[in-house]
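Asker: compute the structure for the input listed below.
(2 chains)
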Amino acid sequence: MIPSANPALFESTRKRPWKGRTPVWAVIVGLATSTFTLTHTWAATDSSTQDPPADLTTLSLEELMNVEVSSVSRRTQPLSQTAAAVFVVSQEDIRRSGANSIPEVLRMVPGLHVARIDSQKYSITSRGYSGRFADDLLVLIDGRTVYSPLVPGVFWEVQDLPLEDIERIEVIRGPGGTLWGANAVNGAIHIITKKAQDTQGALVTIGGGTEERAFTTMRYGGQFGNNLSYRLFGKLFDRDRTTSAEGSHDDWRMGRTGGRLDWNPGTHDAFTLQGDYYQGQAGQLTFFPTTTGPSFSTNAVEDVRMSGGNVLGRWQHTFGERNNFTFQFYYDRTRRDELSFKEIRNTVDVDIQHQFALPLGQQIVWGLGYRVSGDQLRNSESLSFDPAERRLRTFSAFVQDEITMFQDKLRFTAGVKYLKNTFSGGLLLPNVRLLYQVTPNQSVWGAVTRSNRFPSRFERDGRRALAGTPTELVELQGNAGVRSETLWGYELGYRAQLTSILSFDAVGFYNDYRQSTGEQEVSDSLELVRSQVTTRTYGGELSGDWRALPWWRLRPAFSYLHIRRTAPEGIETESGEDPTYQFSLRSLMNLTDTIEFDTTFRFIDRLVGLDVDSYTNLDVRLGWRPTSKLEFSVVGHNLLENRHTEFKPEFIQTAVSHIQRGMFGKVTWRF
Amino acid sequence: MKMRQTVLPTLAMSIRTVVAVLCFVTLYLIGSQSLGHAQGQNGEYLLKAAFLYNFTKFVEWPDSTFATSSTPLMICVLGNDPFGSSLDAIADKTIKGRPLVIKRLHSVDRVKDCQMLYVSPNQLTQTAEIVPTIQKAPVLTVCDAEDCAEAGIMLNMRVVENRVQLDMNLDAVQRTPLKVSSQLIKLTRIVKRNG
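Answerer: Residues are numbered from 1 along each chain as shown, chains lettered A, B, ... in the order given. The predicted structure follows:
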């Protein structure tokens, strides 16, 4: 797990590891920038963003003025040199998406399956295992993991930021355990915010509409002296409820405030201190099994109360061009109170990472991490944990070497991570990646990776009521026999910049999971969590980028996924919760210098196991920027249907919701 | 049969040894090459070279500057060349159909042949000499040192907080027939000559 933290640590890490070769650049870059290097490196990867491409002369003067000197120092690493299925969402992509939350932004990423369960809850996965508690996808914000070990998965409803503060979002599909750490089994998402010096001045956004009823963000950034920058922000929103056969109760509102301080006392050191605090409540209709007929179920409308905060500090020291060290620390607290359970979780995490060059074109990265995550839970009849308080400790150590050969044409990365956790003995996660640059515009890569997912608190200590009978409740119980899920993942990718206006990315994968969990009925009233399921998935993702005309850009994406699970007699598994096919087409038009017209069309296949139909939908955004300081936009979401269902609740039984068509307007003003 | 069994492993082992040695040698050779290659890069000047290239797009030289429509555009470096190979990265580009030619100068005698003149920091002490030499000739002068635009050079690529910012001595530009696009002017801080 910790390692994952690393990612945060540094882009460098991620960058390097991932990109395989990137590392060097990435690393350097990252380092240089200090934290956040990520920005450039990966960015670099995505031709669409303002990352410095390998050839800086293709940038405009404005873009050049935004390139950090230090980030260029290593040649930047173009996407074509990354031996992983990476997609980078830039700030410009976010602005033009018309999205108003992080999950909605992620819909544009090829291969991700983003499904809205109700007004607040989402299932977000890559390459299978969809669910509100999608346990195989690791999510980090500035190096801080937001993956909850409770159920496990990500509570997307509390993962929010002013979208304008996001520098970029790096999405890696496929296993990334070596660099990212535990639970990056199917993929990892890293959200990276801008440095305080890049958010100077004031920004105000205000908007409202039918579903996004009202929202506002205010941000102010300033400086003390020449090398100390800060920003402060506040954000509020109120979202409308969705519709449901059982009535609509899931309206919600949330407020968040936070800030960031960046101090660069010299060219060799960069310090960052950041944090935020949020509080909100969200309505839901929850069902509980009972022993009284005829329905053996009762329900209640409740307001889930959520709050939390975090503080993160990071020090990055650069010894030389390819030699830097990072220390990162954070404390994170979350609190969630609903009828089924109440959780207070405190997490402390420390990571260090160091990278340096060795002769023979090698770039070494190593790191150590330690995390303690303690919870205090309040049990209910429908969901309980024994013990009700527990601390989970995770230790990790990793080392990775990236070797560049044949004038950078061949990049070979090998690394291994050691992980140990309260629920698991020592695990070794090796990773081998190879990228061959066939021509400057084409590359082929392959990777073999082992990743692990730790058992969750529920799978070890939990007990949940599944259904009621006249005499007793049928329960699902976690137990000490549940082991870590292990994946061996095989990937093969091809990327080509066919012409200066057309590029293409294709990835195929085969994943072999052992010790996936299923449920075994041991008596009429008891089922046990068993980790004896074998899962094999294969599939592929295609995406393209075509600048058809100077003012018109098209970005199609297609993905295919096949999942087969096999379990010993008597063990049941879930299936059919992932779409076999997904297709999307984004069109970005600059009608004039100041008017933008952007549309996204998408098709999501049906989810057989959940009885959710396939759907096609359309989002549209019309933006007008009379000056660089002012922007007006009108956005329509889900325009093709009055309402549709994208997913169903899991684990905690709440009402099945229909997502409605929505419109909103927004004004963004910088001064 | 027995003999074969003993010979084969030995043979296999020696083959393995040879392969291992070959691999190592190859790796070493390749490695040392690529390392040397990578170290030759200098991020700051790679970026500044891209700026030089970009300036050519925003400046118009009078038609009389070039003999024909394909006469090369000459970018000169006066004094020690901090760019190294970074400048060669732009040398194979063309601008409005003209090839770019990079020329390294060690004295001010031939500066009027250049369309763009980068004055190395160690030559700045001679600014007082360079400026009158160029006088009204259509030569875009560029530097990257503290207050060098104030000393009479047209454009200064200053590094501020890890990014390049531009200072422009507009008076110096306007003394020549050069036409600088407002798009470029907009992105610069206008400075005046000292004194």
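Asker: quick one, what contacts residue A:583?
Answerer: Applying Cβ atoms under 8 Å, 6 or more residues apart in numbering or on different chains, we find residue A:583 in contact with A:556-559, A:602-603. Yep, even glycine has a C-beta here, placed from its N, CA and C like the rest.
Asker: now, those that are in strands?
Answerer: In strands, defined here by DSSP state E, the members of the contacts of residue A:583 are A:556-559, A:602-603.
Asker: buried members of those into PyMOL, please.
Answerer: Selecting only the buried members of those in PyMOL, with burial defined as 16 or more other Cβ atoms under 10 Å in any protein chain shown, works like this:
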select buried, chain A and resi 556+557+558+559+602
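Asker: for residue A:194, what are phi and psi?
Answerer: Residue A:194 has phi and psi values of phi -70, psi 160 when expressed as degrees, to the nearest 10.
Asker: what's around the residue lying closest to it once chain neighbours are set aside, how many residues?
Answerer: Distances taken as Cβ to Cβ, 6 or more residues apart in numbering or on different chains put residue A:167 closest to residue A:194, at 4.5 Å, once the chain neighbours are dropped. For residue A:167, the neighbour count with other Cβ atoms under 10 Å in any protein chain shown is 26.
Asker: secondary structure element for residue A:167?
Answerer: Secondary structure assignment for residue A:167, by DSSP states H and E: strand A:166-173.
Asker: next SSE downstream of that strand?
Answerer: Stepping forward along the backbone from strand A:166-173, the first helix or strand reached (DSSP H and E) is helix A:177-180.
Asker: and the helix or strand just after that following helix, what does it pack onto?
Answerer: Going down the chain from helix A:177-180, the next helix or strand is strand A:187-193, by DSSP H and E. Judged by 3 or more Cβ pairs under 8 Å, 6 or more residues apart in numbering or on different chains; DSSP states H and E, the packing partners of strand A:187-193 are helix A:2-9, helix A:11-19, helix A:38-45, strand A:122-126, strand A:137-141, strand A:166-173.
Asker: following strand A:187-193, which helix or strand shows up next?
Answerer: strand A:201-209.
Asker: mind listing what that next one pairs with, with the direction of each?
Answerer: strand A:212-224 (antiparallel), strand A:662-670 (antiparallel) (DSSP bridges).
Asker: now the ones you listed in JSON lines, with distance to residue A:564, mean pLDDT and mean neighbour count?
Answerer: Output for these, formatted as JSON lines (distance: least, Cβ to Cβ, whole Å; pLDDT from 0 to 100; neighbours: other Cβ atoms under 10 Å in any protein chain shown):
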{"stretch": "strand A:212-224", "distance to residue A:564": "40", "mean pLDDT": "94", "mean neighbour count": "17"}
{"stretch": "strand A:662-670", "distance to residue A:564": "37", "mean pLDDT": "95", "mean neighbour count": "17"}
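Asker: what number of residues lie near the residue of the stretch 301-450 of chain A found nearest chain B?
Answerer: For the stretch 301-450 of chain A and chain B, the shortest gap (Cβ to the nearest Cβ) falls at residue A:360, measuring 2.7 Å. Each residue near residue A:360 was counted by other Cβ under 10 Å, and the total is 18.
Asker: please apply the same query to residue A:539.
Answerer: With neighbours defined by other Cβ under 10 Å, the count for residue A:539 comes to 21.
Asker: lowest-pLDDT helix or strand in chain B?
Answerer: The helix or strand of chain B with the lowest confidence, counting by mean pLDDT, DSSP states H and E, is helix B:2-39 at a mean of 50.
Asker: pLDDT on the next helix-or-strand element following that one, on average?
Answerer: Going down the chain from helix B:2-39, the next helix or strand is helix B:43-58, by DSSP H and E. If you average the pLDDT over helix B:43-58, you get 86.
Asker: moving C-terminal of helix B:43-58, what's the next helix or strand?
Answerer: Towards the C-terminus, the helix or strand next in line after helix B:43-58, according to DSSP H and E, is strand B:59-60.
Asker: what about that following strand, near chain A?
Answerer: No. In this structure, strand B:59-60 remains apart from chain A according to Cβ under 8 Å from any Cβ of the partner chain; the gap is never smaller than 11.6 Å.
Asker: that strand packs against which elements?
Answerer: Applying 3+ Cβ pairs under 8 Å, 6+ apart, we find strand B:59-60 packed against strand B:179-180.
Asker: packing partners for the helix or strand just after the strand it packs on?
Answerer: Stepping forward along the backbone from strand B:179-180, the first helix or strand reached (DSSP H and E) is helix B:182-186. Using 3+ Cβ pairs under 8 Å, 6+ apart, the elements in contact with helix B:182-186 are helix B:43-58, strand B:163-168.
Asker: re earlier: now the residue of the stretch 301-450 of chain A closest to chain B: phi and psi?
Answerer: According to degrees, to the nearest 10, the main-chain angles of residue A:360 amount to phi 70, psi 30.
Asker: does it really touch residue A:401, like I thought?
Answerer: No. Under the criterion of Cβ atoms under 8 Å, residue A:360 makes no contact with residue A:401, lying 10.0 Å away.
Asker: for the chain, which spans come out with low pLDDT?
Answerer: Since no chain was named, I'll use chain A. For chain A, the stretches flagged by pLDDT under 70 are A:1-55, A:68-81, A:321, A:500.
Asker: ah, I was thinking of chain B
Answerer: In chain B (pLDDT under 70), the answer is B:1-42, B:195.
Asker: and it, what are its domains?
Answerer: Under the assignment named as automatic domain parsing, the residue ranges that make up the domains of chain B are B:1-39, B:43-190.
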